[in-house]
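S.K.: Need a 3D model of the sequence below.
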Amino acid sequence: MEETREETPQDLRNLALKVAGLLEEAGQHALHDQLNPRNLAQPSAENADRGPRYKLEVDSKILRFMSSRIADIAHFDGFWTTRPAESRPGQRYWYIGKIDGVINYVRHMSEWTVTAALFEFGPDNEPKPIIGIVHAPALGLTYLAARGAGAVRIHKTTVGEKRDKVVPSMTSSLDGSVLGYGMSFLPGESQRALDVASSLAGRPADIKRVGPASLDLCKVADGTYDAYFEPMLHVW
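M.R.: Numbers count the residues shown, from 1 in each chain. All right, here's what the predicted structure looks like:
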């Protein structure tokens, strides 16, 4: 009888690298669309009274591409959006995110990302991420992490690929720190974020507002920012 080899953290790291390669390919398609002079998004009627929302055609392209290619590598139990109402411990589902930073993308800025994650249901029947990948195509940056194998930042440069271990800041005080923060498209939530930023005036050396949330969180992980805040972050 053939013996089943136990999965190692390196196995998960290798899988994350493969999926990161797919995400990079999908990101290049999205970047190509962004660089072409045409209308990238249509206003969405969903919750139109609560603020500006956009529907990107490229989101469905990314989902189709990633779903098809991931199914060829490691399908596991399928995808988060089509999982059954009840899941069992040990089941794994992929989550493919839409473009994060839609306004940046539509306005031809560089700070937007495509994302992927693998969730596993634990003994408590709660899903936990065991792989996470955030790729910023226009910046040539990829962050990836795998359970038990740590996290790395991969930077594509003109002289090749540079990989660094992700190490957060050890700054323990707001004084002299560099913070990032996010804002909602909902007026009340945006006002709360601005009120918090205003209350911190004079302590941090700088407070950045760039986005998207996925990239801001990675910048905390790698020490670019000392901290990040956003009231009502919702799905992130």
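S.K.: C-terminal to the lowest-mean-pLDDT helix or strand in the chain, which secondary structure element comes first?
M.R.: In the chain, no helix or strand scores lower on mean pLDDT, DSSP states H and E than strand 41-43, which sits at a mean of 57. Per DSSP states H and E, the first helix or strand lying C-terminal to strand 41-43 is strand 54-56.
S.K.: for that next one, packing partners?
M.R.: Here strand 54-56 touches strand 41-43, helix 102-106, going by 3 or more CB pairs under 8 Å, 6 or more residues apart in numbering; DSSP states H and E. Yep, even glycine has a C-beta here, placed from its N, CA and C like the rest.
S.K.: centre of the chain versus the biggest helix by length in the chain, how much separation?
M.R.: Using DSSP state H to define each element, the chain has its longest helix at helix 9-35. On the basis of CA atoms, centre = their mean, to the nearest Å, helix 9-35 sits 12 Å off its chain's mean C-alpha point.
S.K.: Report the buried residues of stretch 210-228.
M.R.: Within stretch 210-228, the residues scored as buried using 16 or more other CB atoms under 10 Å are 210-222, 224-228.
S.K.: So what would you say the end-to-end distance of it is?
M.R.: 11 Å (CA to CA, to the nearest Å).
S.K.: which outside residues touch that stretch?
M.R.: 97, 100-101, 103-104, 111-113, 115, 134, 136, 141, 143, 151, 153, 164, 166-169, 171, 174, 177-183, 204, 208, 230, 233, 236 (CB atoms under 8 Å, 6 or more residues apart in numbering).
S.K.: Repeat that for stretch 148-166.
M.R.: With CB under 8 Å, 6+ apart as the criterion, stretch 148-166 contacts 8-10, 12-13, 16, 20, 140-145, 218, 221-222.
S.K.: Repeat the analysis, applying 10 Å as the threshold.
M.R.: 7-14, 16-17, 20, 24, 130-132, 134-135, 137, 139-146, 167-168, 218-224 (CB atoms under 10 Å, 6 or more residues apart in numbering).
S.K.: State which strand of this structure is the longest.
M.R.: strand 127-136 (DSSP state E).
S.K.: for the record, mean pLDDT for that strand?
M.R.: What strand 127-136 shows for mean pLDDT is 97.
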